[in-house]
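# Show me the folded form of this:
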Amino acid sequence: MTRMEKIKERLFKKDYYTKIEWWGKDETILTSDEIKAEPLVVRKALAIQHLLRHMPAELKSDELIVGKINMLSVGYGREFPQYALPEEKEAGLKSGFTEKNVAAKHPADYEKLLRVGIRGIKEEIYQAVEAELQKDSPDQEKINLWRAMIISVDSVVDIAHRYAEMCLRQANRESDPARAKELLEMARICNKVPEYPAESYHEALQSFFFFFLSLHSCMEEVAVGRPDQYFYPYYKKDIESGAITVEQAEELTGSWLVKFSERVQMDSSHWEFDHMTAVDENYDGGCLDEADNVFSMENAEEYNLGTSANHWEQNVILGGVKADGSDATNELTYMILKQWNYFELVSPVMSVRFHKNSPKKLYEMCARILRTGSGEPTIYNDEPIIHGLVKSGIPLEEARCYSNDGCWEVLIPGKTNYQYGHIQVLLLLEYLLNEGVSMARGVKEAPSFGDPLQFKTFEDLYAAFLDSIRYDVDRIMNLRISYWQERYKIAPSVLFSAFLDNCIPQGLDIANGGAKYSIYTFLLTGLANCVDSLIAIKKFVYDEKTLTMEALRKALRTDFKGQEALRQMLINRAPKFGNDDPEADEIASRLMKDFEIIVNERAAQPDVKEKAENGFIVNVGCGTFESYANFGHRCGASADGRHSMETVSSNYSPSVGLDLHGPTAVIKSITHPDIMPYYSGGPLDMQINSDELAGEEGVKRVQSLIESFIDLGGIMMTVTGTSTEMLRDAQEHPEKYPGLRVHLGGLSAYFIALSRTQQEIIINRTKHSI
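I've put the predicted structure just below:
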C-alpha cells in the first residue's frame, strides 16, 4: 500500500471510530498568589502555556506532518485550563461572556508566520514595548498584553520542541531505516519551525500546522484561509530546485490535509454533550437573550448540534485572483483539491473562488468532484464579492485577497474581526400574526405590532412586518454596540492577536478593537419560507379573499389539524420562490431590498457611524449555516403550508422540495434580486441527481451549471450530487457508504453519521436534473 492508502485506511477504519478523550476540564493555572496577582490577560497566556506543554501529544506511524489538536467541537463545546478569578467570571457573565467565548473562525496572518517565524513576531513585540516604555506615562494595559503575547507565542515553540523530541525518540526505536530517516528530518524541522522562518515546502506545512493546532487547542477555531497562495512560493522553489518531486509534494500535501480530519468521531456514542454551558451556546456571546440562542441542548443530536459534532470552522478557500487582479490558480490549487477529494474529507471545509478568467481546468476539476456527492467545494464568484467589499470601504488590493470564515462568510484574512446576528424573519412573521406569542411554545417572546385582524391590505401587514424587522435589528445592534469589547475582560485572544494586522502596533487585542476591520453581518434567516408565506397571505387573504386572517391564524395555531385541504392549497396554489416565478421573485426582491435599507439606516446612526472610522463595517447576508433544522424547530406552522417545527430552507435556497422547475429556474430566482449587497454570504444549496451525471457528459453538465451560476451573477453555491435511492440505501446499509458526504448549510458531514431526522431532511430536498 502507498502512504496515502495507509493514511486513508487509518482514518476510516481506526481514527474515526476511536473515542477521543477531552482534556483540560479540571486543569488550572491558579496555583499561587503570585499567579493570581497577574493581570487576567497574562493569566490567559499562562493557561495557553500550560495547555501546550501538557495536553496529549502523539505520533502516527504513517505521517509526515505531526501534531495532535486538543479535542473540542462547534457542536459540543470546549475545555481549557482555569485562569479567571471568581469575581472576573461573575463580571463576565453579566455581559454574556465566559472564558470559553473566543474570537474563533477568522484566518490569521499565516503568511507572516512563514516569512518571519515566531522570533520575528517577538522582535516586533519587543520593539513596541521599548517604544511604549520611552513615553512619560507608559500604558500598562498595553504592556500587559504584549507580555501575554510573548508568553503565548513562545508556547507554540514549546509544542514544536515537544514533537521534535518525540520524533527523535521514535527514530531511535525505529526498525525501518527509511522511516527512521523521515523521523530525523521531521525532528529537524520541528526544532526549526515555527520558531524560525520556513524555507522549504515541508517546513512551511509544519510551521503552519503547529501554529494552527495551538490556536485550535486554545479554543480559537480559526479558518485555514488560502493555502495555495501562502504555501506556493515554498512549493515552487522546492520543485524548481529539485529538492522534492511532485510525488513527494503530493504526499506532504495529503499528510497535511488529513490532520484537519483526525478529530472526526463517526460513532455518536463517542460524542460528549457536557462541555458547553448555556452562555457558550451563543458561541461569540455578547449579552444575547434567549430569543437569539438558536442552539438547544434539548434534542441536540436530532437538530443542530449533531451536525456540528465534526465541525471545527476549518475552511480552505482556493483560486481566485491575486492583489493585482491576475489569476491566482496554480499547481498547488489542483494538488490540494485532488488530495482532499481522494481522502473524502469533511474537514477542512473546501471552497473555490471563480472569476471571469478562471481556467477551464479548474471548472472541470470541481465539476468532477461535485457530481460524486461531496457537497463541496463551495463555489464563490469573485466579481460581485470583490465589488461589494470595495463598496464597503475596503481597498481593492485587499478585497481581491478575500478569504472566508469558518463556514462561508467573506472577510479579509489576517485583518478582520467578524461577527454576525440572525434576523429570523419566518419567526418574526409568526410573531406578527400572533401578536408576539410563539405558536410552538405558547409564550409571548416579542412585542405586538398591531392586531393582524385590523390589517386591511397586504401593504398594512407588510409595513408592520418591516417594523418588526426594524425592531429586531435595532435590538441586536444595541447589544453589540454595548458589549462589543466586553469579551476582552474575560476571554482575550492573546495568541491569535499576535498574528492579526494592527494588534501589535496598537497594543490592542482583537477583542477590544485591535483588528483593522470589524465586520458585523445581519443575516436574513428563513428567507424562502418567509417569502412563500407572504405570497400565500397576499394571494388568499388579500387578493382573492378566499381565506380570512382569523381562519389562517386558527389553522397555524393548531398546526393544520383537520385542515389538510387548506394546507395543500397553501402549498400547491401559491407561487413559490426558486421557480423563476415573477410574483414570488418580486416579493423576495422587495424583502431583501427593504432588509438592506433597514440595516443601512441603523448603521448610519451616530453610535455605529462613529465606529466606522475605525474599520467597523455593517452589512447584510442570507444564511442559516447548518442550523436550518433548529431554526425550523423554533417556528410554529407557517402560511406556506410548512408544519410546526419542521425545518426551514438552508441559507439562500428555496423551501425544501418546492423548487420544481430545474436548476436554471432556481438560479434565475436567486439572482433576480439585487444580491451584490449580500456579498458577505448567502449560498444557494442545490442537490442534483447523480444518476444522470455518468461519464464525460455528466462532467460537462455540472461544469455548465457552475459557469451559468457565475455568468448570471450568483455569489455562492454548493452542489451535492446524489440520489434518493443512494441515500435510502445508505440508511439501510451504512457500511457500504463510509465516505458519502452531504452538505448541511455551512459544512459537510458523513451521511451515515447524521441522525435520522437530518438524513430525512437531506433526502427530501429536490434532486435536480441538469
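# quick one, phi/psi of the residue of the chain positioned farthest from its centre?
Among the C-alpha atoms of the chain, the one most distant from their mean position (Cα atoms, centre = their mean) is that of Asp136, at 44.6 Å. Reported as degrees, to the nearest 10, the phi and psi values for Asp136 are phi -60, psi -40.
# how far is stretch 673-690 from where the chain is centred?
Averaged C-alpha coordinates place stretch 673-690 at 15 Å from its chain's average position (Cα atoms, centre = their mean, to the nearest Å).
# Next, the distance between the ends of it.
Taking Cα to Cα, to the nearest Å as the measure, stretch 673-690 stretches 30 Å from start to finish.
# What residues sit buried inside it?
673, 675, 677-690 (16 or more other Cβ atoms under 10 Å). C-beta: built from backbone N, CA, C; applies to glycine.
# Which members of the residues you listed are the farthest-apart pair?
Spatially, the most separated pair among the buried residues of stretch 673-690 is Pro677 and Ser690, at 34.3 Å (Cβ to Cβ).
# any idea whether Trp23 is helix, strand or coil?
Following DSSP: H, G, I helix; E, B strand; the rest coil, Trp23 is assigned to coil.
# can I assume it is in contact with Met71?
Yes - the pair Trp23 and Met71 passes the contact test of Cβ atoms under 8 Å, sitting 6.9 Å apart.
# Pick out whichever of these two has more residues nearby.
Set side by side, Trp23 and Met71 show more neighbours around Met71, with 23 against 18, by other Cβ atoms under 10 Å.
# Who are the contact partners of the more buried one?
Listed by Cβ atoms under 8 Å, 6 or more residues apart in numbering, the contact partners of Met71 are 20-23, 79, 263.
# Report the buried members of the residues you listed.
Using 16+ other Cβ under 10 Å, the buried members of the contacts of Met71 are 20, 22-23, 79, 263.
# In TSV, list the residues you listed along with pLDDT and distance to Gly117.
Supplementary listing: the buried ones among the contacts of Met71 in TSV, determined by pLDDT from 0 to 100; distance: Cβ to Cβ, whole Å:
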residue	pLDDT	distance to Gly117
Ile20	93	30
Trp22	93	31
Trp23	94	28
Glu79	93	29
Arg263	94	27
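# from the residues you listed, which two are the most distant?
Set against one another by Cβ to Cβ, those have their most distant pair in Glu79 and Arg263, with a gap of 13.4 Å.
# hmm, back to that, list the residues that contact both of Trp23 and Met71?
Counting by Cβ under 8 Å, 6+ apart, the contacts common to Trp23 and Met71 are Glu79.
# ok, residues contacting stretch 663-672?
Residues beyond stretch 663-672 that count as contacts (Cβ under 8 Å, 6+ apart) turn out to be 577-581, 584-586, 588-589, 652, 654, 659, 684, 686, 688, 705, 708-709, 712-714, 768, 770.
# What segments of the stretch 451-600 of the chain are strands?
Remark: strands assigned in the stretch 451-600 of the chain by DSSP state E, counting those that start in this stretch are 517-525.
# And the chain, by the same measure?
With DSSP state E as the definition, the chain shows strands at residue ranges 315-319, 349-354, 378-381, 403-404, 410-411, 416-424, 517-525, 616-622, 684-689, 716-722, 741-743, 748-750, 767-768.
# Relative to Arg169, which of these is closest?
The closest of the strands of the chain to Arg169 is strand 315-319. By Cβ to Cβ, the value is 32.5 Å.
# if we can go back for a sec, of the contacts of stretch 663-672, buried ones?
If you count burial by 16+ other Cβ under 10 Å, the buried members of the contacts of stretch 663-672 come out as 577-581, 584-585, 588-589, 652, 654, 659, 684, 686, 688, 705, 708-709, 714, 768, 770.
# Which helix or strand in this structure has the lowest average pLDDT?
For the chain, the helix or strand with the lowest mean confidence is helix 305-308, at a mean of 55 (criterion: mean pLDDT, DSSP states H and E).
# Tabulate the strands of the chain in JSON lines, adding columns for mean pLDDT and distance to Thr333.
Formatted as JSON lines, the entries for the strands of the chain read as follows, by pLDDT from 0 to 100; distance: least, Cβ to Cβ, whole Å:
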{"stretch": "strand 315-319", "mean pLDDT": "97", "distance to Thr333": "5"}
{"stretch": "strand 349-354", "mean pLDDT": "97", "distance to Thr333": "8"}
{"stretch": "strand 378-381", "mean pLDDT": "98", "distance to Thr333": "13"}
{"stretch": "strand 403-404", "mean pLDDT": "97", "distance to Thr333": "14"}
{"stretch": "strand 410-411", "mean pLDDT": "97", "distance to Thr333": "19"}
{"stretch": "strand 416-424", "mean pLDDT": "95", "distance to Thr333": "23"}
{"stretch": "strand 517-525", "mean pLDDT": "96", "distance to Thr333": "26"}
{"stretch": "strand 616-622", "mean pLDDT": "96", "distance to Thr333": "26"}
{"stretch": "strand 684-689", "mean pLDDT": "90", "distance to Thr333": "23"}
{"stretch": "strand 716-722", "mean pLDDT": "91", "distance to Thr333": "18"}
{"stretch": "strand 741-743", "mean pLDDT": "83", "distance to Thr333": "21"}
{"stretch": "strand 748-750", "mean pLDDT": "84", "distance to Thr333": "19"}
{"stretch": "strand 767-768", "mean pLDDT": "70", "distance to Thr333": "28"}
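# Ser493: which of those is closest?
Distances from Ser493 to each of the strands of the chain were compared using Cβ to Cβ; the minimum, 9.3 Å, belongs to strand 416-424.
# List of residues touching that closest one?
Applying Cβ under 8 Å, 6+ apart, the set of residues contacting strand 416-424 from outside is 103, 105-106, 284, 286, 292, 294, 405, 409, 411, 469, 472-473, 476, 480, 510-511, 514-526, 595, 621, 624, 631, 634-635.
# can you give me the helices in the stretch 51-200 of the chain?
If DSSP state H, counting those that start in this stretch is used as the criterion, the helices of the stretch 51-200 of the chain fall at 86-94, 110-133, 140-173, 177-192.
# which other residues reach the first one?
Spelled out, it's helix 86-94. For helix 86-94, contacts defined as Cβ under 8 Å, 6+ apart pick out 40, 84, 98-99, 279, 486, 489-491.
# Check the last one too.
Helix 177-192 is contacted from outside by 61, 64, 66, 160-161, 163-165, 167-168, 170-171, 174, 202-203, 206, 210, using Cβ under 8 Å, 6+ apart.
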